[in-house]
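S.K.: fold the following, please.
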Amino acid sequence: MADKKVKILIDTSSGLSKEYCDEKDYEIIGLPFLLDDMEYNDLNITESEFFDKLKDATKIHTSQASIEVVTAKLKEMLKTCDEVLYLPITSGLSSAYNTGVIITSDDEFKDKVYVVDHRTISVPEKRLIENIDLMLSKGLGAKEIKEKIEKESKNDIWIVVDNFDYLKKGGRVDAVTATIGNILNIKPILYSDGGKFSAVKKERGLRNAFDSMLDFVEKTIDGDLSKFKSDYALDVAYSKNLDLANEMKQKMHDRFNIDLDNIHVGMLPQVVACHTGPNTIGAALYRYIKV
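M.R.: Modelled structure (predicted):
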């Protein structure tokens, strides 16, 4: 099993760029979204173009990659490798995983493509893929890695939304709630552990929300900061505003004494930013899978 060539297929819910994936020899699929009936994905629109169009859009809809796109990509990959680990957007946020299972039940892909329900998104998924690379280097095969991830994968992500307007456009809140929230400078904190994002707290102002997210992090690790030495990684996810992201990074360093070089800063995927808008900041806690 160890001598088989295994390649990784992800989609843009990971927040990783095409350039990064090319460098690491990963394959990536762009997740589609509609802004006023025009279809885009993270791979064919720049960050600045995306936020310009998002600001003016009145209707927003996100979707999964089509069966045709996924099937074609898998066929192409199997020409140059023996096995594929396919990590579609987490099953808690999309039916892409179930679609992947259906596609790979075909004899052409059976025992060659392993669809992983990894329960991560954005920066934690980058950590997971680094973990997968380590497993591959240790000689684990695709099936064994899939089983290990689905048994042991654990991450938590909290994000603070700066403006209710995008939640309203995406149908997540009504117009009255959005208007009142914006007037009162209320910042909702949303949480996911691989499932749908749900509101866990509201704060007045971004800085108070930053502190609350780090309170949640500390509670999750039971106040044991030594866990950041080998058990957990803490990273920042953001949309558009890198200055705010670096402010959160510094707060993480100051509060938990984590080396700044060990705190990744990564952009939220556009399929998430469609609903949260610019100036969204997240605290992402990833638990390493032991190899």
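
S.K.: so where do the strands sit in the stretch 1-150 of the chain?
M.R.: Taking DSSP state E, counting those that start in this stretch as the test, the strands found in the stretch 1-150 of the chain are 6-11, 27-29, 32-35, 38-41, 60-62, 83-87, 113-115.

S.K.: what's opposite the nearest residue in space to residue 30 that is not next to it in sequence in the beta bridge?
M.R.: Leaving out its chain neighbours, the residue that sits closest to residue 30 by Cβ to Cβ, 6 or more residues apart in numbering is residue 41, at 3.2 Å. (C-beta placed from N, C-alpha, C; glycine too.) Following DSSP bridges, residue 41 is listed with bridge partners residue 32.

S.K.: quick one: residues contacting residue 41.
M.R.: Shown in contact with residue 41 (Cβ atoms under 8 Å, 6 or more residues apart in numbering): 12, 30-33, 270.

S.K.: and residue 198, what are its phi and psi?
M.R.: phi -130, psi 150 (degrees, to the nearest 10).

S.K.: isn't it right up against residue 189?
M.R.: No: look at residue 198 against residue 189 with Cβ atoms under 8 Å: they stay out of range, at 10.0 Å.

S.K.: between the two, which one's more packed in?
M.R.: Set side by side, residue 198 and residue 189 show more neighbours around residue 189, with 22 against 8, by other Cβ atoms under 10 Å.

S.K.: how close does the residue nearest to residue 30 get to residue 265?
M.R.: Counting by Cβ to Cβ, to the nearest Å, the gap from residue 41 to residue 265 is 22 Å.

S.K.: now do residue 290
M.R.: Here the criterion is Cβ to Cβ. By it, residue 290 lies 25 Å from residue 265.

S.K.: of these two, which one has the most company?
M.R.: Set residue 290 next to residue 265 and count neighbours by other Cβ under 10 Å: residue 265 wins out with 15 against 9.

S.K.: for the residue lying closest to residue 263 once chain neighbours are set aside, helix, strand, or coil?
M.R.: Take residue 263 and drop its neighbours on the chain: the residue closest to it by Cβ to Cβ, 6+ apart is residue 249, 5.1 Å away. With DSSP: H, G, I helix; E, B strand; the rest coil as the basis, the three-state label of residue 249 is helix.

S.K.: test my guess that residue 249 contacts residue 261.
M.R.: No: using Cβ under 8 Å, residue 249 is not in contact with residue 261; the gap is 10.5 Å.

S.K.: between those two, which is the more surrounded one?
M.R.: More crowded of residue 249 and residue 261, by other Cβ under 10 Å: residue 249, with 21 against 7.

S.K.: now do the contacts for that one.
M.R.: Contacts of residue 249 by Cβ under 8 Å, 6+ apart are 236, 260, 263, 265.

S.K.: now it: how far from residue 224?
M.R.: 21 Å.

S.K.: ok, residue 141 next?
M.R.: For residue 141 relative to residue 224 (Cβ to Cβ), the value is 34 Å.

S.K.: so which of these two has more stuff around it?
M.R.: A count of neighbours by other Cβ under 10 Å puts residue 141 above the other of residue 141 and residue 224, at 19 against 10.

S.K.: correct me, but that one touches residue 5?
M.R.: No: using Cβ under 8 Å as the test, residue 141 is too far from residue 5 to be in contact (10.9 Å).

S.K.: so what's in contact with these two at the same time?
M.R.: Applying Cβ under 8 Å, 6+ apart, one finds that residue 141 and residue 5 are jointly contacted by residue 83.

S.K.: which residues of the protein score low on pLDDT?
M.R.: Scanning the chain with the threshold set as pLDDT under 70 gives 1-2, 170-183.
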